[in-house]
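Enquirer: Let me see the structure of the following:
(chains A and B)
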Amino acid sequence: MRITCPFCGERELGEFTYLGDAKPQRPAADAGEDAVYDYVYLRDNIAGVMSEHWYHGGGCRAWLKVTRNTLTHEISAVEAAAGAGAAKVGA
Amino acid sequence: MAGDQANRLTSGGLIDRSTALSFRFDGKNFLGFKGDTLASALVANGVRLVGRSFKYHRPRGILTAGSEEPNALVELRSGARREPNTKATTAELYEGLEAASQNRWPSLNFDVMSVNQLFAPIFVAGFYYKTFMWPAKFWEAIYEPAIRRAAGLGRASGVSDPDHYDKAWAHCDVVIAGSGPAGLAAALAAARSGARVILCEEDFVLGGRLLADGGTIDGLPAAEWVARAVAELEAMPDVRIMTRTSLFGVYDGGTYGAIERVNDHLPVPPEHQVRQRLWRIVAKRCVVAAGAIERPIVFAGNDTPGVMMASAMRSYINRYAAAPARRIALFTNNEDGWRTADTAIAAGLQVAAVIDARADVSPAHRSLASKGGFPVLHGSVSAVEGGKGGVRKISVSLTGGARAEVEADGLAVSGGWNPAVGLTSYHRGRPKWRDDIAAFVPDGAPPGMVAAGAANGAFGLGACLREGFEAGAAAARDAGRSGNIGSMPVADDAAFSLTPLWHVAGKCKAFVDQQHDVTASDVELAQREGFQSVEHLKRYTTLGMATDQGKTSNVAGLAIMAAVSGKSIPETGTTIYRPPYVPVAIGAFAGHHRDENFHATRLTPSHHWAAEQGAIFVDTGLWKRAQWYPRPGEKDWLESVTREVKAVRGGVGFCDVSTLGKIDVHGPDAGAFLDRVYINAFSSLAVGKARYGLMLREDGIVYDDGTTSRLAEDHYFLTTTTAKAGLVMQHLEFCRQVLFPELDVQLTSVSDQWAQFSIAGPKTRDLLKEIIDPAEDLSNDGFPFMGAREVKLRGGLKARLFRISFSGEMAFEISVPARYGEAMARNLMIAGKPFGVTPYGTEALGVMRIEKGHVAGPELNGTTTAGDLGLGKMMSTKKDFVGRVMAGREALTAPSRQVVVGIKPTDKARRLRSGAHIIPKDETPGPENDQGYVTSVCFSPVLDQWIGLGLVERGRERIGEIVLAHDPLRGEDYDVELCNPVFYDPDGGRQRG
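Expert: Sure, this is the predicted structure:
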């Protein structure tokens, strides 16, 4: 499998580490235990197109959101995580 | 007859008659020529019996001339290089080659186990399952060893492979499998378009079937056309031709696996060269021009030596100028098989008869028969007479019921052709059936791949060239290349007509899978017993599961299954195709990653110095760390470690701790970021101070710990444990990029940039004053406990100094750029000499941390909470952090949890062992009263006894209680006392001093 990193270009699978379902969003601090429980433990396991987190540890260390068909391994989109990339200017 | 190449034809062939090569087979000397395979050289020398079969030990000869060979498997080479199950049909002959036949004892000619043939009626499919069931314990002790001795193939060398294997990547626009007419035409079209082309050919000569079958292309003899095509390709800079290279698999994203047999054709690889190279080829497009495999017809005695595929006979005669027989009979059900009769006659061999299963034979072939003076018999072969000496007589059942007999010493068989559908089917593709050629052809292929020529069911030479050329042009176009492809090579198409015939019913054994000794009746039996699915058929009978993966047997097996179950062949279906297409040595997959190079080795900055000191090293992950430094006269590790601990506690010592993960955290939000990833606060940490931090997983379990120092308002320096260095970096990047992208913070791994030493003991300051600039104030006021700042060394080098202590002594950690690490170690030794400085290893480090009750890997084991470790109070209630909510769950805060506690045997002389279970005193140990276990132990020089840490239920409430340490693994039970985990200097006065 090959993943096109938005920063590094097309690279081989061995450079990446898989995390899993990218859908769950970390709940706000006051969301309560049930919401956090869902976030920590409930994962979709889709036979088909799935949004996943991958880490380009063998390259630029960016976290990526990869849209992948788990049946065919076809990758239809790769985007960098919101905080990936160079330091913000100012802020 | 043997040894003199008696069956070598006097002219022709692609062999170099000027280079004779001597070789040995089963201890006998033979001669062959350069350009021979082991099989062709054996054919030329009249050797027909080359092995014994897997189950029945039947005599077997050579069936094919290619990588589909099921029978002619040998042990190639000797000693450590002995390679079992090597196909004689693909092994290139070299001077001094040694090969031995397999699965026979004491000799190939007289094989004791051939008695198995007498018992053949009981060795049917599922025989082992049915027979060796009782008594159960006999299986391991008696049945299995006996069966393993009797059945099987070659022997592994049993010693380490002395050769090297390589792994490499290649990238191109178009990769082509096969260099027959379709492959060469594809390569020409793609290369002329300007594409970067890799052409893989498993043989050592390019040309595929053209080498044996010839033909006319563009008005030229095939050999000349091949030479021109190859010359044109070789002249192009972006074409790479790889012979002796099999494309064996296709993987996601246009990645292909190929095995290059770099030096298998030499006795020993030249110095500094590899035997084989495993390629991963990344290609935008792939053209599979892997050809087709001629298939046998299953009839009684079809495994007799001398029975050979018709196309293989042509290969031996035309390519190798070696006659497999003098008087050849041909059994065919198709037009193509007749070419073997042409070839035999042209080579001056006798044709005994042609047995054609079809109703009609073309007028051209009729006149060939009358000119050649041999009969054409309509019918099929019903039996073959001949044992280990090979074919003598052939019985024929004629259409209409009469019988005939044919005297011959060789029988060529052609049942039609099966396209090589492996590569195109590896992504769970199912090939489709084509009635006109009675064969499966690819039905689609993995993305980017297309089959052309015979691999696609196009058997005519003209069609192969056309399909190949068009596929090559299209592949190049898809890859964005648009050069002028020139003119397409042209040839005539021979007519292909076939009447399917799979199995001739008969009384004697008729083999479907010759390598696994699976007969037609085994397939029928499997069907009767209900194993009707092809996947069940395969596993029950082991059809197609040998090293040849059923290349000559699978389709015949399906056809027989279909016939007895009354279904069509496409209804019966195929099994799933899986790579590799040809066997690939495990050594090639491992490449250089074996023995000490199995993984990378990381050396600490002071490694070479430590080695000079005679340090004993321990592997921790990829690192080699100094474990202890033995001195002359010390009788064991314990004596050395105890000395090191005493030297630190009484004077000063140092230890390389560079293996800790080190991360620079920069940015205006650095403090806020650390607040979210650690359970305790870091935004409140003063510049110039360090703090111990604990981080949790989101599920509330402890993940890692370490000290973090604030070097500037917007700059923290964070350390992790050695084991988790990479994972913590990954976790922190996830937090930064995914969870908290709004924070303005950057992380930089600096683990390899800094050499870090722990310097500990009451004389630490005395030592540091010798190496640090006198202007730096190291006093308790000028550099208090948990202080952290940059300092200048004598000579001007800048270093980072941290007043942190893992040992419980007055201690500092000092960081210098990694390239000064070794110099630092040497200077500490020189400067520390007056104070008796002692280098110490990871064992002494561990002893001192246990004496101080500090938790480490054995306690941070992925099941413990901050509370379990006695660090619950560090959890901030004023902020959110990773793991906060889940850590508050009932089960993770239950008072009955197992928590860290100190443990010491009541008998001071007793050795404590980690892993021992804690049981209430006077109770019988069992799972229901197992209250925890010992996690870390050491011999404490301070207490002069073994001590440890453990995780024990309600341990903190039970200080002083005597419990049982139960160690069933070592058969020990002894009393221990639960105690405060801080054995040494509990109020911490020494580290603050």
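
Enquirer: mind checking the SS state of the nearest residue to A:Leu42 once chain neighbours are set aside?
Expert: Closest residue to A:Leu42 apart from its sequence neighbours, by CB to CB, 6 or more residues apart in numbering or on different chains: A:Pro24 at 7.1 Å. All C-beta atoms are positioned from the backbone trio N, CA, C, and that covers glycine. The local conformation at A:Pro24, judged by DSSP: H, G, I helix; E, B strand; the rest coil, is coil.

Enquirer: What parts of chain A come near chain B?
Expert: Counting by CB under 8 Å from any CB of the partner chain, chain A comes close to chain B at A:1-2, A:12-13, A:17, A:19, A:26, A:29, A:32-33, A:36-37, A:39-41, A:53, A:55, A:57, A:61-63, A:72-75, A:80-84, A:87-88, A:91.

Enquirer: from those, which would you call buried?
Expert: Buried members of the residues of chain A next to chain B, counted by 16 or more other CB atoms under 10 Å in any protein chain shown: A:2, A:12-13, A:17, A:19, A:26, A:36, A:39-40, A:53, A:55, A:57, A:61-63, A:75, A:80-81, A:83-84, A:88.

Enquirer: before we move on, the earlier item: and the residue nearest to A:Leu42, how far is that from B:Ser749?
Expert: 27 Å (CB to CB, to the nearest Å).

Enquirer: Please give me every residue in contact with the residue of chain A found nearest chain B.
Expert: Distance from chain B to each residue of chain A (CB to the nearest CB) is smallest for A:Gly83, at 3.0 Å. Contact analysis of A:Gly83 by CB atoms under 8 Å, 6 or more residues apart in numbering or on different chains lists A:63, B:736-738, B:740-743.

Enquirer: same check, this time on B:Arg81
Expert: Contacts of B:Arg81 by CB under 8 Å, 6+ apart are B:157, B:161-163, B:268.

Enquirer: Run a quick neighbour tally on residue 9.
Expert: All of this is about chain A. 9 (other CB atoms under 10 Å in any protein chain shown).

Enquirer: let's do chain B instead
Expert: 19.

Enquirer: Quick check, pLDDT for it.
Expert: Here, the pLDDT recorded for B:Leu9 equals 97.

Enquirer: just checking, it touches B:Ala322?
Expert: Yes: between B:Leu9 and B:Ala322 there is a contact under CB atoms under 8 Å: 6.9 Å.

Enquirer: Can you verify the residue of chain A closest to chain B is assigned to a strand?
Expert: No: going by three-state DSSP, the assignment for A:Gly83 is coil, not a strand.

Enquirer: where's it relative to B:Thr90, distance?
Expert: Applying CB to CB to A:Gly83 and B:Thr90 gives a distance of 55 Å.

Enquirer: Could you do B:Val282 as well?
Expert: Taking CB to CB, one finds B:Val282 at 27 Å from B:Thr90.

Enquirer: Comparing the two, which shows the higher neighbour count?
Expert: Neighbour totals were compared for B:Val282 and B:Thr90, and B:Thr90 leads with 24 against 17 (other CB under 10 Å).

Enquirer: pLDDT value on the residue lying closest to that one once chain neighbours are set aside, please?
Expert: The shortest distance from B:Thr90 to any non-neighbouring residue, by CB to CB, 6+ apart, is to B:Ser67 (5.3 Å). Here, the pLDDT recorded for B:Ser67 equals 95.

Enquirer: Pick out the residue of the stretch 851-993 of chain B closest to chain A.
Expert: For the stretch 851-993 of chain B, CB to the nearest CB, closest residue to chain A: B:Asp880, 3.7 Å.

Enquirer: Quick check: phi and psi at the nearest residue to that residue once chain neighbours are set aside.
Expert: Nearest residue to B:Asp880 in three dimensions, chain neighbours excluded: A:Ala29, at 3.7 Å (CB to CB, 6+ apart). When read as degrees, to the nearest 10, the backbone of A:Ala29 gives phi -60, psi -30.

Enquirer: Next: the one 10 residues further on.
Expert: According to degrees, to the nearest 10, the main-chain angles of A:Tyr39 amount to phi -60, psi -40.

Enquirer: can you pull the contacts of the residue most central in space within chain A?
Expert: Of all residues in chain A, the one closest to the mean position by CA atoms, centre = their mean is A:His53, 1.8 Å from it. Residues in contact with A:His53 (CB under 8 Å, 6+ apart) are A:18-22, A:63-66, A:81, B:734, B:738.

Enquirer: nearest spatial neighbour of B:Ala312, skipping sequence neighbours?
Expert: In space, B:Ala312 is closest to B:Ala65, 4.0 Å off (CB to CB, 6+ apart).

Enquirer: again with B:Lys908
Expert: Nearest one to B:Lys908, counting by CB to CB, 6+ apart, is B:Gln945 at 4.4 Å.

Enquirer: And the pLDDT for the one you found?
Expert: 98.

Enquirer: Who does it form a beta bridge with?
Expert: Beta-bridge partners of B:Gln945, counted by DSSP bridges, are B:Ser940.

Enquirer: Tally up the residues packed near it, please.
Expert: 17.

Enquirer: That one contacts B:Cys938, doesn't it?
Expert: No: if you go by CB under 8 Å, B:Gln945 and B:Cys938 don't touch, sitting 10.2 Å apart.

Enquirer: quick one: B:Gly379 from chain A, how far?
Expert: 50 Å (CB to the nearest CB, to the nearest Å).

Enquirer: just checking, what packs against the helix or strand where that residue lies?
Expert: B:Gly379 is part of strand B:376-385, with elements assigned from DSSP states H and E. With contacts defined as 3 or more CB pairs under 8 Å, 6 or more residues apart in numbering or on different chains; DSSP states H and E, strand B:376-385 has these neighbours: strand B:350-356, helix B:363-372, strand B:393-398, strand B:403-407, strand B:410-414.

Enquirer: For it, report the contacting residues that lie outside it.
Expert: So strand B:376-385 is in contact with B:297, B:299-302, B:304, B:307, B:331, B:353-359, B:361, B:365-366, B:369, B:391-399, B:403-404, B:406, B:411, B:413, B:501, B:504, B:506-508, going by CB under 8 Å, 6+ apart.

Enquirer: cool, and stretch B:32-39?
Expert: For stretch B:32-39, using CB under 8 Å, 6+ apart, the contacting residues are B:5, B:13-17, B:19-21, B:23, B:25, B:40-41, B:44-45, B:50, B:62, B:65, B:69, B:72, B:74, B:76, B:87-93, B:97, B:99, B:205, B:316, B:320, B:322.

Enquirer: quick revisit: need the pLDDT of the residue nearest to B:Asp880.
Expert: A:Ala29 is given a pLDDT of 91.

Enquirer: Confirm for me that it is in contact with B:Lys878.
Expert: No: the pair A:Ala29 and B:Lys878 does not pass the contact test of CB under 8 Å, sitting 11.2 Å apart.
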